[in-house]
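# Whatever this is, show me its structure:
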Amino acid sequence: MRLFFLKLILFAFFTSGLSQEILPLKSRAEIIDKIQKDRLDNLLPQLMSKSNLDMWVLITREYNEDPVIKTLLPPTWLNARRRTILVFSLDKETNIVERVAITRYPFGKLIPSIWDKEKEPDQWKALAGYIISKTPKTIGVNISEHFALADGLVKTDYEGLKNALPKNYQTRIVSAEKLAISWIETRTDFEMSLFSQLVEITHSIIKEAFSNKVIKVGQTTTDDVVWWMREKVLSLGLDTWFHPTIDVQRSDNSDLYAFDGQSKYDVIQYGDLLHCDFGISYLSLNTDCQQLAYVLSPGEKNAPNFLNEALDQGNRVQDIFTNNFKLGVSGNETLSKSLKEARAEGLRPQIYTHPLGTFGHSAGTTFGMWDSQDGVPIKGDYPLQLNTSYAIELNTKVYISQWGKDIRVMLEEAGFYGENSFRYVNGRQEKLILVEE
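Okay, the predicted model is just below:
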């Protein structure tokens, strides 16, 4: 009931006016606390059981945080403190996870400290004593060769843990790679109720950036728009997890974006096809969006049909791709099948979709990279899981006879896969944004 009430408050707040209305910091902290409590209480026991781990030990230090620790930091903490040690122990009979901190201070409101430094000054001995008291058969730690976000345990702390334990416990230390990936990639219902609002804010900023409020044809450069977006995000009290990109494709002999180091500094002209790559960070989640706009020439009321039809081809690639999302199927399999089907229809696609959520380039199933269209070793072999979110990022080349050249229809939208079906978190672009004076 409390969760439902909070959702109603959020909905009323976000829909009461402009989508850019942002919660004050104190309210954000309250929501992040609720997100974390929901995940620790309800999600973590499921994930630990699925990963066959009895215990999960996270060790990190201030300013050198394990990525998983970053997802758990209390909203009033900007960094870990001193050496931070968190231990999660699964009771398989009750399916309850006991969570404790072997730290000088409680880890926020949700994880109490059980270390009495006056009784046991040695933090490692305190950790070892707690682990032994729980007699775990498996002790998961964040070490991973291929997934950076699951490889947060540094050598010093690994050795500190190992040396503190008796030999018969040292052999129980295993990689928690699967658990760490699952923790990072899995979204809760509560998070998804927020994610839609984040994407709405992102779309709204893009729409304003691609308007005559920002763009003066023949004067404004693409770089000007980039910095306007950065300033806009800052003025709203938000963050962006990467520097935005704005680029141009037009009827002259300019090369395509990504192959023309000067294109992002172009002065915007009538008849330009503009493209942006932009994302924000808010309420512990991230967005990543690419959309297209057309700069109307004097007297024009709409974009040329050939550009509208090019966008249709981009949407068709999206449909082919997301229709192939299947539980347990690897990213490489889905990539290969989707490219084959799209090419059979005469399309010329590239697909490079990545997990999205707690991090911008997050952990989970990878569907190609722009320079790896034959598949991605290891990360592309990871199977698709339920309740996961993605940046559906791709492009398709389209020959424009009126311009005598190819263009790339580059699109990216947040999507969610759950209960054997895919949906966009807050719709997708199906019409070009029109820039008119």
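# Which strand or helix spans Ile407?
Assessed by DSSP states H and E, Ile407 sits inside strand 405-418.
# per-residue pLDDT, Ala126?
pLDDT, Ala126: 95.
# Backbone dihedrals for it, both of them.
The phi/psi pair for Ala126 (degrees, to the nearest 10) reads phi -60, psi -40.
# secondary structure class for Thr358?
Here Thr358 is recorded as coil under DSSP: H, G, I helix; E, B strand; the rest coil.
# Isn't it up against Ile181?
No - if you go by C-beta atoms under 8 Å, Thr358 and Ile181 don't touch, sitting 11.3 Å apart. The C-beta positions use only the backbone N, C-alpha and C, and glycine is treated the same way.
# Can you give the domain ranges for this protein?
Split into domains by automatic domain parsing, the chain comes to 19-183, 188-435.
# Where do the helices of the stretch 251-400 of the chain begin and end?
With helices called from DSSP state H, counting those that start in this stretch, the stretch 251-400 of the chain shows them at 305-322, 331-344.
# just so I know, which of those lies nearest Thr220?
Minimum separation from Thr220 across the helices of the stretch 251-400 of the chain (C-beta to C-beta) falls at helix 305-322, 20.4 Å.
# Just the C-alpha atoms of the closest one, please, in PDB.
What follows is helix 305-322, C-alpha atoms only, in PDB (Å, rounded to 0.1, in the frame of the first residue of the first chain):
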ATOM      1  CA  ASN A 305       8.900  12.300 -47.600                       C
ATOM      2  CA  PHE A 306      12.300  10.600 -48.400                       C
ATOM      3  CA  LEU A 307      13.500  11.400 -44.900                       C
ATOM      4  CA  ASN A 308      10.200  10.300 -43.300                       C
ATOM      5  CA  GLU A 309      10.500   7.100 -45.200                       C
ATOM      6  CA  ALA A 310      14.100   6.700 -44.000                       C
ATOM      7  CA  LEU A 311      12.900   6.900 -40.400                       C
ATOM      8  CA  ASP A 312      10.300   4.300 -41.200                       C
ATOM      9  CA  GLN A 313      13.200   2.000 -42.200                       C
ATOM     10  CA  GLY A 314      14.900   2.600 -38.900                       C
ATOM     11  CA  ASN A 315      11.700   1.800 -37.000                       C
ATOM     12  CA  ARG A 316      11.400  -1.400 -39.000                       C
ATOM     13  CA  VAL A 317      14.900  -2.500 -37.900                       C
ATOM     14  CA  GLN A 318      13.900  -1.800 -34.400                       C
ATOM     15  CA  ASP A 319      10.800  -4.000 -34.800                       C
ATOM     16  CA  ILE A 320      12.700  -6.900 -36.300                       C
ATOM     17  CA  PHE A 321      15.300  -6.700 -33.600                       C
ATOM     18  CA  THR A 322      13.000  -6.400 -30.500                       C
END
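# quick one, that helix and helix 331-344 angle?
Relative orientation of helix 305-322 versus helix 331-344 (axes from the mean of the first three to the mean of the last three C-alpha atoms, to 10 degrees): 140 degrees.
# and helix 305-322, how far out from the chain's middle?
Here the centre of helix 305-322 is set off from its chain's centre by 24 Å, with C-alpha atoms, centre = their mean, to the nearest Å.
# who does it touch, helix- and strand-wise?
The contact analysis (3 or more C-beta pairs under 8 Å, 6 or more residues apart in numbering; DSSP states H and E) places helix 305-322 against helix 331-344, strand 349-351, strand 388-400, strand 405-418.
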